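K.L.:
okay, sequence plus prediction incoming.
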Amino acid sequence: MTLLVKAMPTGEAIVKVTPQTAHWKHVGFEARRLAAGATTRIELPADREGCLVILTGTVDVRVGEASWQGLGGRTSVFDDTSPHAIYAPPSSVYEIVASTDAEIAVASAPASGKHGVRHIEPSTMKRSVRGTGANTRYVCDILPETEPAESLLVVEVLTPAGHSSSYPPHKHDTDALPEESVLEETYYHRVDPPQGFAFQRVYTDTRDIDESMAVGDHDVVMVPRGYHPVVMPHGYRGYYLNVMAGPRREWHFRNDPAHEWMIAR
């Protein structure tokens with residue numbers, strides 16, 4: 001099977017990954033496009049928590065008795081601002097009404113219902129810069145392990161044109177805490193301008209997985225295990241929304257020893 005999930009070019013559904021389609025246990029992801037005035041419902045299973053991210057546009061959201069108006073506001077995922085997000089426990093239903101054209105994403109992962117529904121405000125999200133030189137990228141922690149959730153970790157990253165990201169190559173597929181944790185991961189890619197592409201490779205030490213992909217705007221790359229670097233060609237900047245989940249809600253990774261030398265330079 002390929003690790004690349006191609007986006008649908010038209011219609012509400014952009015892309016969807018479930019544990020069943022991915023042949024794994026933890027991460028679920030979907031993205032939808034909404035025209036102004038459109039409504040949609042997203043139902044969480046009885047054993048999965050969710051994190052709704054308003055990628056672009058403005059929407060009203062209701063989850064049970066809780067409701068919020070005018071969430072979002074970004075015209076592009078490349079805007080220099082953090083998104084709005086809504087965490088919801090298992091069995092919740094997101095009811096969404098688009099005030100403008102909008103793009104939304106929902107991440108899901110196993111949970112028992114320990115945490116209630118809440119609005120994750122942009123002002124609470126930590127923003128940081130990783131790397132140096134042509135390895136510089138810009139990170140926004142939407143739902144990090146320091147914030148309440150049972151399984152989900154959600155982060156977005158902007159990668160300038162001509163830069164590498166998730167680099168040096170790293171992996172998180174071995175239960176060896178505190179050095180490394182086991183986390184499945186999805187990358188939801190956006191590209192600016194949209195006719196461009198990114199390159200992503202997913203590979204293991206033994207090369208039983210070794211897949212290199214040209215990734216288009218709105219495509220998803222699934223990372224069941226292994227290293228997973230991203231490279232943006234000259235002229236095209238990249239965005240990706242990462243969803244991670246595994247047996248433990250801790251992010252510890254191991255760099256590929258063959259490429260770790262560049263960190264000390």
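P.N.:
Looks like it came in fine. Bear in mind that the values here come from a model prediction, so they are computed numbers and not experimental data. Numbering: from 1, shown residues only.

K.L.:
first-to-last residue distance for stretch 196-215?
P.N.:
End-to-end distance for stretch 196-215, by C-alpha to C-alpha, to the nearest Å: 9 Å.

K.L.:
which residues touch it?
P.N.:
Outside stretch 196-215, the residues within contact range by C-beta atoms under 8 Å, 6 or more residues apart in numbering are 2-4, 159, 169, 171, 173, 187, 189, 191, 216-217, 221, 223-233, 235-236, 238. Using the backbone N, CA and C atoms, a C-beta is placed for each residue, glycine as well.

K.L.:
for that stretch, buried residues please.
P.N.:
For stretch 196-215, a neighbour-count test (16 or more other C-beta atoms under 10 Å) marks 196-198, 200-203, 209, 211, 213, 215 as buried.

K.L.:
same question for stretch 168-183.
P.N.:
In stretch 168-183, counting by 16+ other C-beta under 10 Å, buried: 168-173, 180-183.

K.L.:
of the contacts of stretch 196-215, buried ones?
P.N.:
Applying 16+ other C-beta under 10 Å to the contacts of stretch 196-215 flags 3-4, 159, 169, 171, 173, 187, 189, 191, 216-217, 221, 223-232, 236, 238 as buried.

K.L.:
okay, now the sheet partners of the host helix or strand of Gly73, with direction.
P.N.:
Assigned by DSSP states H and E, Gly73 falls within strand 66-74. Neighbouring strands of strand 66-74 in its sheet, by DSSP bridges, are strand 48-63 (antiparallel).

K.L.:
just the CA coordinates of the partner strand, formatted as PDB?
P.N.:
C-alpha atoms of strand 48-63 as PDB (Å, rounded to 0.1, in the frame of the first residue of the first chain):
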ATOM      1  CA  ARG A  48     -12.400   8.400  20.400                       C
ATOM      2  CA  GLU A  49     -11.600  12.100  21.400                       C
ATOM      3  CA  GLY A  50     -11.400  14.800  18.800                       C
ATOM      4  CA  CYS A  51      -9.700  18.100  18.000                       C
ATOM      5  CA  LEU A  52     -11.400  20.400  15.400                       C
ATOM      6  CA  VAL A  53      -9.000  22.900  13.800                       C
ATOM      7  CA  ILE A  54     -10.400  25.800  11.900                       C
ATOM      8  CA  LEU A  55      -7.700  26.000   9.200                       C
ATOM      9  CA  THR A  56      -9.200  28.900   7.200                       C
ATOM     10  CA  GLY A  57     -12.400  31.000   7.100                       C
ATOM     11  CA  THR A  58     -14.900  31.700   9.900                       C
ATOM     12  CA  VAL A  59     -17.300  29.200  11.400                       C
ATOM     13  CA  ASP A  60     -19.800  28.800  14.200                       C
ATOM     14  CA  VAL A  61     -19.400  25.600  16.200                       C
ATOM     15  CA  ARG A  62     -21.700  23.700  18.600                       C
ATOM     16  CA  VAL A  63     -20.800  20.700  20.600                       C
END
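
K.L.:
just how off-centre is it within its chain?
P.N.:
Computed by C-alpha atoms, centre = their mean, to the nearest Å, the chain-centroid distance of strand 48-63 equals 14 Å.

K.L.:
likewise stretch 98-115?
P.N.:
Relative to its chain's centre, stretch 98-115 lies at 11 Å (C-alpha atoms, centre = their mean).

K.L.:
now swap in stretch 123-143 and tell me
P.N.:
14 Å.

K.L.:
cool, stretch 216-226 as well?
P.N.:
10 Å.

K.L.:
that stretch - what's its average pLDDT?
P.N.:
The average pLDDT within stretch 216-226 is 98.

K.L.:
where are the low-confidence patches of the chain?
P.N.:
For the chain, the stretches flagged by pLDDT under 70 are 1, 265.

K.L.:
would you map the helices across it?
P.N.:
19-22 (DSSP state H).

K.L.:
give me the nearest residue to the residue most central in space within it, chain neighbours excluded.
P.N.:
In the chain, the C-alpha nearest the mean C-alpha coordinate belongs to Asn242, at 2.3 Å (C-alpha atoms, centre = their mean). Spatial nearest neighbour of Asn242, excluding adjacent residues (C-beta to C-beta, 6 or more residues apart in numbering): Val155 at 4.9 Å.
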